[in-house]
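1. Just the structure for this:
(one chain, ligands or ions: 2)
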Amino acid sequence: MQTLIINIKELIQIREIGIQKVSGSEMANLPLLRNAFLLIENDLIADFGLMSDCPTLPNAKIIDASEKVVLPTWCDSHTHLVYAGNRVQEFVDRINGLSYEEIANRGGGILNSAQKLNETSENEIYEQSKVRLEEVMKLGTGAIEIKSGYGLTVEGEIKMLRVIRRLAENYPIKIKATFLGAHAFPKEYKENHSGYIDLIINEMLPKIAEENLADYIDAFLETGYFSVEETERIMEAGKKYGLISKIHVNQFTAINGIAACVKHNALSVDHLEIVTDEDIEILKNSQTMPVALPSCSYFISIPYTPARKMMAAGLPLALATDYNPGTTPSGNMNFVVATACIKMKMTPEEAINAATINGAYAMGISDSHGSITKGKKANLIITKPIHSFYQLPYEFGSNLIENVFIEGKII
Ligand SMILES: N=CN[C@@H](CCC(=O)O)C(=O)O
Ligand SMILES: [Zn+2]
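-> Ligands and ions are numbered 1, 2, ... in the order given. Predicted structure coming up:
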């Protein structure tokens, strides 16, 4: 099956095979072709180039993309898309003056979602989550990481990871699963942290490994949540089962967590609303991808990740949604890209690199996703007629997407 997209106004994010990520000043460069074609064969990108070199293929389905831009689908490397119910009351409480921390201290926050999740059947959680997954695919997300972390019990964490696996089996989008048992301490372990960490290591991890339910391991390394030492125990235990870490860190405070993550070869460090000069020094010369979550900063009014400072130091940066019921009830990567431009002063080129190739790296899939490269998955966004790709972040509230291809098929 061949599909030939012709007359593409701008074909953006074209890369040679082998580019895993872009860093520092390279992020300002977003390679593109004007007046281009792209050939899809089955689920893969078979060829692309200038219209002057476009092949004649009588049996191919032709799509005319005159006045339209084609780019790779978004790679959303950090979400909590599987959850039960919502936290809309906390949203109103915050408007009325309570902080995220105050809400959590009253038993709201993550523990509120955990209670709902443990009271809801696996089937019902699947039904609620698939609606969100279908919505983000239509919004141009072609690969997504989804975390557990609202179970906080052996049964609850396994239930979440089984829902993630079922979504991966039933939808064409690439899904990576991350085990986040260390998201918060359940009430009964408030004074017994080591007891809960023992439960994670001795009960949850072996079962998860037995069913092969997770690709990565995560922890919420933060004042009032998991300390550096506690997170190190989790990362070490994960390694024994082949789970590389992707860690929530530096959301509210900088407590030398990034150094511990780099020491344990974390694939990514995520949030980074508070970043010190020492943190930046440590991230240099590491293979760890920093991941910013600007719609979380927007929704709960906390600082934005200092993207300019980090890129100026030569670091790469990825962008993701953090889709979750508490701090970011939105999985819209188009909004993330626009917010990165508007609030973090990333250029459209930098933001698109961060949301595609670097997002793919942060979920370990840059060999197959994140750029227009021969042999990679034919995961493409075709826009409506627009003047240039700059219009995507510029018209931040509009949906400028006409079609989304995932693995060669329009969804
Ligand atoms: N910060 C930790 N975890 C989630 C929010 C969890 C929640 O409030 O439900 C986050 O990434 O923002
Ligand atoms: Zn998160």
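2. How about Pro294: what's its closest non-neighbour residue?
-> Nearest residue to Pro294, sequence neighbours excluded (C-beta to C-beta, 6 or more residues apart in numbering): Thr339, at 4.3 Å. The C-beta positions use only the backbone N, C-alpha and C, and glycine is treated the same way.
3. actually Gly108, sorry about that
-> Gly108 sits nearest to Glu90 (C-beta to C-beta, 6+ apart), 5.3 Å away.
4. Around that neighbour, how many other residues sit close by?
-> Residues contacting Glu90 under the criterion other C-beta atoms under 10 Å number 22.
5. host element of it?
-> Glu90 is part of helix 88-95, with elements assigned from DSSP states H and E.
6. again, but for Arg165
-> Judged by DSSP H and E, Arg165 forms part of helix 154-170.
7. helices or strands next to that helix in the packing?
-> Counting contacts by 3 or more C-beta pairs under 8 Å, 6 or more residues apart in numbering; DSSP states H and E, helix 154-170 packs against helix 110-119, helix 122-138, strand 174-182, helix 205-210.
8. outside of that helix, which residues touch it?
-> Here helix 154-170 makes contact (C-beta atoms under 8 Å, 6 or more residues apart in numbering) with 82, 114, 117-118, 122, 125-126, 129-130, 133, 146, 148-151, 175, 177, 179, 181, 199, 203-204, 207-208, 211, 213-214.
9. Repeat that for stretch 181-201.
-> So stretch 181-201 is in contact with 104, 107, 109-111, 114, 147-154, 157, 204-205, 218-220, 225-226, 230-231, 233-234, 237, going by C-beta under 8 Å, 6+ apart.
10. 7 Å instead?
-> 110-111, 148-149, 152, 157, 204, 219-220, 225-226, 230, 233-234, 237 (C-beta atoms under 7 Å, 6 or more residues apart in numbering).
11. Show the end-to-end separation of that stretch, please.
-> Length of stretch 181-201, first residue to last, C-alpha to C-alpha, to the nearest Å: 9 Å.
12. what's the spacing between the helix or strand bottoming out on mean pLDDT in the chain and its chain's center?
-> Taking mean pLDDT, DSSP states H and E as the measure, the chain has helix 100-105 as its least confident helix or strand, at a mean of 89. Here helix 100-105 is found 25 Å from its chain centre; the criterion is C-alpha atoms, centre = their mean, to the nearest Å.
13. Indicate whether that helix makes contact with ligand 1.
-> No - figure legend: helix 100-105 not in contact with ligand 1 (C-beta under 6 Å from any ligand atom); closest approach 7.1 Å.
14. Mind listing what's buried along that helix?
-> Buried residues in helix 100-105, counted by 16 or more other C-beta atoms under 10 Å: 100, 103-104.
15. Then stretch 255-263?
-> 255, 257-262.
16. and the residue of the chain found nearest ligand 1, how many residues sit next to it?
-> Across the chain, the shortest distance to ligand 1 (C-beta to the nearest ligand atom) belongs to Gly326, at 2.4 Å. For Gly326, the number of neighbouring residues by other C-beta under 10 Å comes to 25.
17. Might you enumerate the residues of the stretch 1-150 of the chain proximal to ligand 1?
-> 109-110, 113.
18. For these, could you give me TSV that also reports pLDDT, neighbour count and distance to Ser368?
-> Converted to TSV, these look like this (pLDDT from 0 to 100; neighbours: other C-beta atoms under 10 Å; distance: C-beta to C-beta, whole Å):
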residue	pLDDT	neighbour count	distance to Ser368
Gly109	94	20	36
Ile110	96	24	32
Ser113	97	26	32
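19. Average pLDDT for the helix or strand that contains Ala351, rounded please.
-> Per DSSP H and E, Ala351 falls inside helix 348-355. The average pLDDT within helix 348-355 is 98.
20. Centre of the chain to that helix, how far?
-> 14 Å.
21. Mind giving me the packing neighbours of that helix?
-> strand 318-319, helix 333-344, helix 391-394 (3 or more C-beta pairs under 7 Å, 6 or more residues apart in numbering; DSSP states H and E).
22. change it to 6 Å
-> For helix 348-355, the elements it packs on are strand 318-319, helix 333-344, judged by 3 or more C-beta pairs under 6 Å, 6 or more residues apart in numbering; DSSP states H and E.
23. what's it in contact with?
-> Identification of contacts with helix 348-355 by C-beta atoms under 6 Å, 6 or more residues apart in numbering yields 22, 27-28, 30, 74, 317-319, 333, 337, 340-341, 390, 393.
24. The one residue sitting closest to the centre of the chain: what's it in contact with?
-> Centroid check for the chain by C-alpha atoms, centre = their mean gives Ser77 as the closest residue, at 2.2 Å. Contacts for Ser77 were tallied using C-beta under 6 Å, 6+ apart; they are 145, 318, 320, 359, 362-363.
25. Can you give me the domain assignment for the protein?
-> Structural domains annotated on the chain: 2-73+371-410, 75-362, as defined by automatic domain parsing.
26. which one of the ones you listed has the most crowded surroundings?
-> domain 75-362 (a mean of 21; mean count of other C-beta atoms under 10 Å).
27. Next, find the distance separating the residue lying farthest from the centre of the chain from Val275.
-> Distance from the C-alpha centroid of the chain, by C-alpha atoms, centre = their mean, peaks at Pro58 (39.1 Å). Remark: distance between Pro58 and Val275 (C-beta to C-beta, to the nearest Å) = 55 Å.
28. Poorly predicted segments of the stretch 1-150 of the chain, please.
-> In the predicted model of the stretch 1-150 of the chain, no residue satisfies pLDDT under 70.
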